[in-house]
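K.L.:
Structural data only, the sequence is not supplied:
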């Protein structure tokens, strides 16, 4: 296998970056990028820590990532599995990246910057849904933001409903947990109880 080991080798293969790939980069949230953030119900959150890299899904009502000002984004940390991998990383290394997806749109939005976590009671209360507040809020200072062209979404045909995978063709969470726990977790019971448990702990 031939391995690329230098930037020079890499650039020789890919050539120079075109104007449209660089002019779109902003150091703050522009009016157009504001619209994309406000329409997005899903974000992939990338962080880095001593143990390595992590990428975690974040989903909520469209616009759940609040634009505090054109250099500051805020995102509530809703209920989950309490692993807090991303949050541990942020406490130790503030560098983060966000990838926003918008259903039906081929274009995605990438935001890179620095983050800190806040447990300020007033801030938490401002993100309350159904009487429940998040336990922390991620506060991000934007370093750069830019849209990613639609090629990846087009190639994957991601939003085509005809391409949806039948859940029956995938292992269930219960089956995975039963296998990984040497049957300590009851697969059928876990899968049967999960929908109601998730609904009760959504926020």
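P.N.:
All right, it came through fine. Keep in mind it's a predicted model, so treat the numbers as computed, not measured. Numbers count the residues shown, from 1 in each chain.
K.L.:
Could you give the number of residues near residue 56?
P.N.:
By the criterion of other CB atoms under 10 Å, residue 56 has 16 neighbours. Quick note: C-beta positions are derived from backbone N, CA and C, even for glycine.
K.L.:
contacting residues around whatever helix or strand residue 9 lives in?
P.N.:
Assigned by DSSP states H and E, residue 9 belongs to helix 7-14. With contact meaning CB atoms under 8 Å, 6 or more residues apart in numbering, helix 7-14 is reached by residue 4.
K.L.:
now the following helix or strand past it: how far from the chain's centre is it?
P.N.:
Later in the chain than helix 7-14, the nearest helix or strand by DSSP H and E is helix 19-22. Remark: helix 19-22 is offset 24 Å from the chain centroid, using CA atoms, centre = their mean, to the nearest Å.
K.L.:
What's the mean pLDDT across helix 19-22?
P.N.:
Averaged across helix 19-22, the pLDDT comes to 93.
K.L.:
still on that earlier bit, can you give me how far the helix holding residue 9 is from the chain middle?
P.N.:
With CA atoms, centre = their mean as the basis, helix 7-14 stands 30 Å off its chain's centre.
K.L.:
cool, stretch 10-21 as well?
P.N.:
Chain-centre distance of stretch 10-21: 27 Å, with CA atoms, centre = their mean.
K.L.:
And for stretch 133-153?
P.N.:
7 Å.
K.L.:
buried sites along it?
P.N.:
Using 16 or more other CB atoms under 10 Å as the test for burial, stretch 133-153 gives 133-140, 142, 145-148, 153.
K.L.:
ranges for the helices of the protein?
P.N.:
7-14, 19-22, 31-39, 85-92, 121-125, 151-156, 173-180, 187-200 (DSSP state H).
K.L.:
ok, back up a step: quick one: which of the buried residues of stretch 133-153 is nearest to residue 185?
P.N.:
residue 135 (25.5 Å; CB to CB).
K.L.:
Quick check: which ranges of the chain have low pLDDT?
P.N.:
Within the chain, no range satisfies pLDDT under 70.
K.L.:
Quick check, central residue of this structure?
P.N.:
residue 44 (1.5 Å; CA atoms, centre = their mean).
K.L.:
ok, now how distant is it from residue 127?
P.N.:
Using CB to CB, to the nearest Å, one gets 20 Å for the distance from residue 44 to residue 127.
K.L.:
Check residue 196 too.
P.N.:
Distance of residue 196 to residue 127, computed by CB to CB: 25 Å.
K.L.:
Next: residue 69.
P.N.:
17 Å.
K.L.:
Looking at those two, which is more packed in?
P.N.:
Each of residue 69 and residue 127 has its neighbours counted (other CB under 10 Å); residue 127 has more, 20 against 9.
K.L.:
What sits closest to that one if chain neighbours are left out?
P.N.:
In space, residue 127 comes closest to residue 76 once its chain neighbours are excluded; the distance is 4.0 Å by CB to CB, 6 or more residues apart in numbering.
K.L.:
Cool, thanks, signing off.
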